[in-house]
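Colleague: Provided below for reference: sequence and predicted model.
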Amino acid sequence: QVQLVESGGGLAQFGDSLRLSCAASGRTFSRYAMGWFRQAPGKEREFVAAINWSGSQTYYTDSVQGRFTISRDNVNSTVYLQMDNLEAEDTAVYYCAAVLSRNYYYAPPSAREYDYWGQGTQVTVSS
């Protein structure tokens, strides 16, 4: 089992920055690819970003490319999502997720691939 706890959400203004953290426990963190997803009211959960086990490969959905940065600290078992230039459309509950790595580059964008999920943290951006 892997336990994931997100933090860092809150209320932000248009153009502000927030950094989300996801602390993992329970298994060897470096064996897992990590992803961030979000769900806005009335919408499906959507992929935001993912990172492979080593942190060398990162993937983003188009709407956050260039504004968000995913990173990880395998020593401290934490994955981060740095969110810059926030927009109202970024308002959602953000979830981190973990899946056992299958290969070096593995960091899937599909929520169905992930086995472990955090409880989510709310991000609200006002314009």
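Modeller: Thanks, I have it.
Colleague: My guess is residue 45 contacts residue 35. True?
Modeller: No. Taking contacts as Cβ atoms under 8 Å, residue 45 lies outside contact range of residue 35: 10.8 Å. For the C-beta atoms, the positions are set from N, CA and C on the backbone; glycine is no exception.
Colleague: These two: which has the busier surroundings?
Modeller: Shown here are residue 45 and residue 35; by other Cβ atoms under 10 Å, residue 35 has more neighbours (28 against 16).
Colleague: ok, and the closest non-adjacent residue to the more buried one?
Modeller: Closest residue to residue 35 in three dimensions, ignoring its sequence neighbours and counting by Cβ to Cβ, 6 or more residues apart in numbering: residue 50, at 4.1 Å.
Colleague: and that neighbour, how many neighbours?
Modeller: By the criterion of other Cβ under 10 Å, residue 50 has 26 neighbours.
Colleague: That one sits in which helix or strand?
Modeller: Secondary structure assignment for residue 50, by DSSP states H and E: strand 46-51.
Colleague: Alpha carbons of stretch 82-99, as PDB, please.
Modeller: Taking C-alpha atoms only, stretch 82-99 is exported to PDB below (Å, rounded to 0.1, in the frame of the first residue of the first chain):
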ATOM      1  CA  GLN A  82       4.500  24.200  -9.100                       C
ATOM      2  CA  MET A  83       1.600  26.200 -10.600                       C
ATOM      3  CA  ASP A  84       2.400  29.600 -12.000                       C
ATOM      4  CA  ASN A  85       0.300  32.100 -13.900                       C
ATOM      5  CA  LEU A  86      -2.900  30.600 -12.500                       C
ATOM      6  CA  GLU A  87      -6.100  31.000 -14.300                       C
ATOM      7  CA  ALA A  88      -9.700  30.700 -13.300                       C
ATOM      8  CA  GLU A  89      -9.900  27.500 -15.300                       C
ATOM      9  CA  ASP A  90      -7.400  25.900 -13.000                       C
ATOM     10  CA  THR A  91      -9.900  25.900 -10.200                       C
ATOM     11  CA  ALA A  92     -10.400  22.300  -9.200                       C
ATOM     12  CA  VAL A  93      -9.700  19.600  -6.600                       C
ATOM     13  CA  TYR A  94      -6.100  18.400  -7.300                       C
ATOM     14  CA  TYR A  95      -5.200  14.800  -6.700                       C
ATOM     15  CA  CYS A  96      -1.900  13.000  -6.700                       C
ATOM     16  CA  ALA A  97      -1.600   9.400  -7.800                       C
ATOM     17  CA  ALA A  98       1.000   6.600  -7.800                       C
ATOM     18  CA  VAL A  99       1.600   3.600 -10.000                       C
END
